[in-house]
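[1] Give me a model of this one.
(chains A and B)
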Amino acid sequence: MADYSKEEIKNIEKKWQDKWARDGVYKVSNDTAKEKYYVLDMFPYPSGAGLHVGHPLGYIASDIVSRFKRLKGYNVLHPMGFDAFGLPAEQYAIDHGIHPATSTAQNIQTFKDQLSKIGFCYDWSREVQTCDPKYYKWTQWIFLQIFDSWYNQKKEKAERIADLIHLFAKEGNANHPFPNAKSLVPGSNKEVFTGGEWQSFDAKTQQEILMQYRLAYLAYTDVNWCEALGTVLANDEVINGVSYRGGFPVTKKQMRQWSLRITEYAERLLKGLEEVDFSDSMKEIQRNWIGKSVGARITFQVKDEKERLYNLVVFTTRPDTIFGVDFMVLAPEHELVKEITSIAQRAEIEKYLAYVESRSEIDRMAEVKKITGAFTGAFAVNPFNGREVPVWISEYVLVGYGTGAIMAVPCGDERDHKFANHFGLPITNIIGEYYNGQEANPTKEAILENSDFLDGLVMHQAIDVVIDRLEEKGIGKRQVNYKMRDAGWSRQRYWGEPFPVVFTDDMPFAMEDHELPLELPELTNFKSSGTGEGPLANLPDWVHFANNKRRDTNTMPTHAGAAWYFLRYTDPHNDQVFADRKALDYWGQVDVYIGGSEHAVAHLLYSRLWVKILHDLGYLNFDEPFKKLINQGKITGDSRFVYRIRGTNTFVSAGLKDNYDTDPLHVDVSIVAGLDLNIQAFRKWKPDFANAEFILEGEKYICGAAIEKMSKSYFNVVNPDEIIENYGADTLRMYEMFLGPLELSKPWNTHGIDGVFKFLRRFWNLFHNAQGNFEVSDGKPTPEALKVLHKTLKKIEYDIDHFSFNTSVSEFMICSNELNSMKCNKRAILEPLVIALSPFAPHIAEELWEKLGHSDTILNEAFPQYNEEYLREDSFEYPISINGKVRAKMNFALDMPKEDIEKLVLASEIVIKWTEGKAPKKVIVVPGRIVNVVM
RNA sequence: GCCCGGGUGGUGAAAUUGGUAGACACGCAGGACUUAAAAUCCUGUAACCCUAAAAGGUUGUGCGGGUUCAAGUCCCGCCCCGGGUACCA
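    This next block holds a predicted model:
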């Protein structure tokens, strides 16, 4: 007697989880003739809160795919690891004095315990932890490869610095200009040097020049400085001018920081999107982030009050509007500002610069529409008609984009138009009636007027005409610009990878391979110095470990360890190379990568960058890491609120809260039934509430509700352990899949979980008689049962290939319902079905498989191939529609000719009733689909 | 503002190429079993009209229009929700 009861489920799941672990059934070999398939989850950051039901959603999906592909005969790599460096562990250390290594290890253990209960098929022997020195040795090593590389724009690939030195000695840098247009030869204002000059430079100058080319480089950059966190943040860690974590203010600060020259790869990162299978929105997010725009650089002459001339280079996407330029605007930080400001305007400009300086990022963002600026007193000369226009400065022009200067065309650009109106500047109309005098019109379709040699041309055609003319005159050229900036790679933190470099004479030099890893030293004071140095500065002996030698006090961002972990899984224990070339070639690209869309820009771009660089340097034979990316939707929590009357300990029910001045407080969802607060439990929940008073509605306290991100601090977290305790892991797995399409975000509720549980029990009962004893028949299955089986197999295979797991669960339910009503317990039907179910519900499947008399694990079976033979139908019940409305059904053989169907349909009683004897205009017969009679 | 994605019963959702809208499940209602409850099983369940019932009819996939024999699906305009991004020249 064995019911699919709570106790029995626990026994079964424990039994198989133990056996799988004991037998090592998930261990994957690199050495096989089988075709590979690589299924990857975005590895989690092991937070102290443990797993909630949102985490496993993607893991369950990837587990189903892995198990399915294994049954289909592939050698499947499905590993798991931990993104274990990061700020929260360090913050925890500062608050509680517990070393990040200790708390991280504990959290990882909690995660693994929770994961193991869900029955995932991870090969834990391949686990990686980014904070493990054996792992970050290779993170540091790859960093040094990037440090030792430059981007050859001619060949569009990374090459070694040694090759660059060779080139410089031979021909200088004329063919390979500085990647950053602002770079100059140190101590001069030259952008170009000859081979001879290179050889005459001293060692430090040579190093400084090379630094301008390195793909990992150290430079003074404007960084996002967060005083409250005491650290620099990456652009993607700053949201709306405040820090992503904590929401603290962020200001700009010049600091000497490591950066990755990702801008050199902008075009390849863009092009690579065409060959990968990511969702449209994901590609769009990355495209927007890269932000390519095509236009021209144009050099204007600027005259100051003493008629001195300066070159002013602007970037514009609309060179066609050059005759509509009414003024120029420089970023306040533009280096020309000091030079060209007239004496009369100096006070005003300085006042304006002080104002800009005083503005924080949030101020700027909050007041984007505010129009400010100042006139320099200088004039720019239009290179085509010699017209002189005033040069202004304004914060709406950003120093970091393009050249930090624009030509302003008020009739065509909204911002320029507002600026002109605000300061009373004249507006030239070059687009005739397309400009209404009220607001700018950014069209490209207008026919140009007042535009000299462009008159009569449509704007989008004029663009090329102007650029050609600019190039002829040598005052401009075609130019592509990208919004993306180089990636800041230094963090003022302890809990990250130290930079494997040694400074001599203030220049960084790579450590030798055999010196790696540069391990994190022991530390007790994790607080950063607050001067912009990381906590490692608290260890002067470690930093200044030898005469004239110094280490970097910063560490790398968490993105570093995550940028290549998928490569390490292929050969995780190698201590000679980051991964054996044979293993890398065998496993290659990740076939399916599943994770949240919040990593769209940072993690995915950095991974793609590192893979491209490693590819260019000859370590990989592919240059996109992820063939297909699936973003699972978030599972949101259903939060509950109580409303406290301000300054009291009295709580008012939701319906009455508008009568009082109240503050909403999150309340633990576990002490609220629906919307009714359990007042007893609430008083016990927190000491503060022990004496709480309540203003009720009727007899009840009704809570407020909101759908929010699932978070411990919102008390709306549902722990998967609870579900497993009550229903088992198989039910949890199938229920999470049944909730809806994987990529949709959806609120967690347990309304439907009973339905899934009942399905599993009914499925179990197919194998058991009324007394609960195992009983299957070896008799010949009926054609009906075979049809049900093969229909199911076909659908399941289709659905898994299309990541449509909610519909596969439905299909299993339909199948089980149908077999149930047929009272079918034939082995020939049930055996294949168990295999098909095993990716979804592995525990029950293994148990039934064993009961069916098999001694080997079900994992080594083959997914049963459906056979169209059994699905073939002879006839079809046609819906008969009249003028598009279905009025009847009629059964015809599928091979019946259209004309015969038409005749029979028209002769039928129901059609005669509707046609009233009149001849129809038209009859459409779609074989196997529908008949439509048009009157 | 701009760019993506989405809007279908009381609820989660399904509809693979334009071809029977609402599969599957929850919930609800009724019934069987039970002293009773739980569990389980059976039946019904888009809305409206008509009917004693059956049968039948009308409307219906955010709104308005269009293409088509046929539209949740394609086209045009609009509204709302979610995400990304934001003086990017």
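
[2] from here on, contacts and neighbour counts on C-alpha atoms
    OK.

[3] Need the pLDDT of A:A602.
    We have a pLDDT of 87 for A:A602.

[4] Quick check: the gap between the closest residue to A:A537 other than its chain neighbours and A:F509.
    Using Cα to Cα, 6 or more residues apart in numbering and skipping residues adjacent in sequence, the residue nearest A:A537 is A:T553, 5.5 Å away. According to Cα to Cα, to the nearest Å, A:T553 and A:F509 sit 15 Å apart.

[5] Same drill for these two, tell me which one is more crowded.
    Applying other Cα atoms under 10 Å to A:T553 and A:F509 shows that A:T553 carries more neighbours, namely 24 against 15.

[6] was I right about the more buried one contacting A:E533?
    Yes - counting by Cα atoms under 8 Å, A:E533 is a contact partner of A:T553 at 6.2 Å.

[7] quick one: common contacting residues for these two?
    A:Q492 (Cα atoms under 8 Å, 6 or more residues apart in numbering).

[8] wait, what's in contact with A:V28?
    Contacts of A:V28 by Cα under 8 Å, 6+ apart are A:75-77, A:123.

[9] contacting residues around stretch A:347-354?
    A:332, A:341, A:373-376.

[10] And the strands in the stretch 51-200 of chain A?
    A:75-77, A:149-152, A:157-160 (DSSP state E, counting those that start in this stretch).

[11] Residues contacting the second one, please?
    Translated: strand A:149-152. With contact meaning Cα under 8 Å, 6+ apart, strand A:149-152 is reached by A:157-161, A:164, A:176, A:213-216, A:264.

[12] swap in the last one?
    By Cα under 8 Å, 6+ apart, the surrounding residues in contact with strand A:157-160 are A:148-152, A:613, A:616-617.

[13] Parallel or antiparallel, list what pairs with that strand.
    strand A:149-152 (antiparallel) (DSSP bridges).

[14] Mind listing what's buried along stretch A:786-803?
    A:786-797, A:799-800, A:803 (16 or more other Cα atoms under 10 Å).

[15] and RNA strand B, which of these reach it?
    Restricting the buried residues of stretch A:786-803 to those touching RNA strand B (Cα under 7 Å from any atom of the strand) yields A:K795.

[16] For the stretch 701-850 of chain A, which residues are neighbours of RNA strand B?
    So the stretch 701-850 of chain A meets RNA strand B at A:738-741, A:744-746, A:751-756, A:758, A:762, A:795, A:798, A:806-807, A:809-811, A:813-814, A:817, A:821 (Cα under 7 Å from any atom of the strand).

[17] rerun that using 6 Å as the cut-off
    A:739-741, A:746, A:751-752, A:754-755, A:758, A:795, A:807, A:810, A:813-814 (Cα under 6 Å from any atom of the strand).

[18] and the two most separated of these?
    Using Cα to Cα, the two most remote members of those are A:H751 and A:K795, lying 25.9 Å apart.

[19] Between the buried residues of stretch A:786-803, which sits nearest A:G424?
    Closest to A:G424, out of all of the buried residues of stretch A:786-803 and judged by Cα to Cα, is A:F803, at 59.3 Å.

[20] Report the secondary structure element holding the closest one.
    Per DSSP states H and E, A:F803 falls between elements, in no helix or strand.

[21] residues contacting it?
    Per Cα under 8 Å, 6+ apart, neighbours of A:F803: A:61, A:742.

[22] Check A:F812 too.
    Applying Cα under 8 Å, 6+ apart, we find A:F812 in contact with A:792, A:837.

[23] In three-state terms, label it for me.
    At A:F812 the chain is in helix, as set by DSSP: H, G, I helix; E, B strand; the rest coil.

[24] Report the separation between it and A:R872.
    Separation of A:F812 from A:R872 (Cα to Cα) stands at 20 Å.

[25] Just give me the residue closest to the centre of chain A.
    A:A600 (2.0 Å; Cα atoms, centre = their mean).

[26] Find the nearest non-adjacent residue to that residue, please.
    Sequence neighbours aside, A:M282 is the residue nearest to A:A600 in space, at 6.4 Å (criterion: Cα to Cα, 6+ apart).

[27] and A:H55, how many neighbours?
    Neighbour count of A:H55, defined by other Cα under 10 Å: 19.

[28] Can you list phi and psi of A:G476 for me?
    Here is the backbone geometry of A:G476 (degrees, to the nearest 10): phi -180, psi 170.

[29] For the nearest residue to it once chain neighbours are set aside, give me its contacts.
    Spatially, and ignoring its direct neighbours in sequence, A:G476 is nearest to A:I298 (4.3 Å; Cα to Cα, 6+ apart). For A:I298, the contact set (Cα under 8 Å, 6+ apart) comprises A:313-316, A:470, A:475-477.

[30] try 6 Å this time
    Listed by Cα atoms under 6 Å, 6 or more residues apart in numbering, the contact set of A:I298 reads A:313-314, A:475-476.

[31] With A:R256 instead?
    A:219-220.

[32] Which helix or strand contains it?
    Going by DSSP H and E, A:R256 is part of strand A:251-260.

[33] what's the spacing between the helix or strand that comes right after that strand and its chain's center?
    Note on strand A:251-260: by DSSP H and E, the next helix or strand toward the C-terminus is helix A:266-272. Centroid separation for helix A:266-272 versus its chain: 16 Å, with Cα atoms, centre = their mean, to the nearest Å.

[34] Looking at helix A:266-272 now, give me its mean pLDDT.
    91.

[35] Now do stretch A:82-100: distance from first to last residue.
    Start-to-end span of stretch A:82-100 (Cα to Cα) is 14 Å.

[36] Pick out whichever of the contacts of stretch A:347-354 sits closest to A:H55.
    Using Cα to Cα, these come closest to A:H55 at A:P332, 46.5 Å.

[37] residues near that closest one, how many?
    There are 28 residues near A:P332, going by other Cα under 10 Å.

[38] Keep only those of the contacts of A:I298 that are in strands.
    Cross-referencing those against strands under DSSP state E gives A:313-314, A:476.

[39] ok, the residue nearest to A:G195 when sequence neighbours are not counted - contacts?
    Nearest residue to A:G195 in three dimensions, chain neighbours excluded: A:G172, at 4.0 Å (Cα to Cα, 6+ apart). Residues in contact with A:G172, defined by Cα under 6 Å, 6+ apart, are A:193-195.

[40] How much space separates the residue nearest to A:A600 from A:F300?
    Taking Cα to Cα, one finds A:M282 at 39 Å from A:F300.

[41] Report how many residues lie close to the residue in the stretch 551-700 of chain A positioned nearest to RNA strand B.
    Across the stretch 551-700 of chain A, no residue is closer to RNA strand B than A:E598, which sits at 6.5 Å (Cα to the nearest atom of the strand). Residues within reach of A:E598, counting by other Cα under 10 Å, total 12.

[42] Domains in chain A, by residue range?
    Domain assignment for chain A, taken from automatic domain parsing, gives A:292-482, A:635-709, A:721-869, A:873-934.

[43] For A:H99, which of those domains is the nearest?
    Per Cα to Cα, nearest to A:H99 of the domains of chain A: domain A:721-869, 27.7 Å.

[44] Show me which residues of the stretch 251-400 of chain A sit near RNA strand B.
    A:280-281, A:284-285, A:293, A:315-318, A:364-365, A:368-370, A:395-399.

[45] in chain A, what spans have low per-residue confidence?
    Across chain A, the ranges flagged by pLDDT under 70 are A:1-2, A:234-242, A:244-245, A:360-362, A:364-366, A:368, A:529-530, A:673-674, A:917.

[46] how near is A:T915 to A:E902?
    For A:T915 relative to A:E902 (Cα to Cα), the value is 14 Å.

[47] Looks to me like A:L789 is in a helix.
    Yes - when three-state DSSP is applied, A:L789 is found to be in a helix.

[48] got a list of contacts for the helix or strand where A:W289 lies?
    A:W289 belongs to helix A:280-290 when assigned by DSSP H and E. For helix A:280-290, the external contacting residues (Cα under 6 Å, 6+ apart) are A:482-484, A:601.

[49] contacts with RNA strand B among the residues you listed, please.
    A:K483.

[50] What subset of the contacts of helix A:280-290 is buried?
    By 16+ other Cα under 10 Å, the contacts of helix A:280-290 give A:482-484, A:601 as buried.
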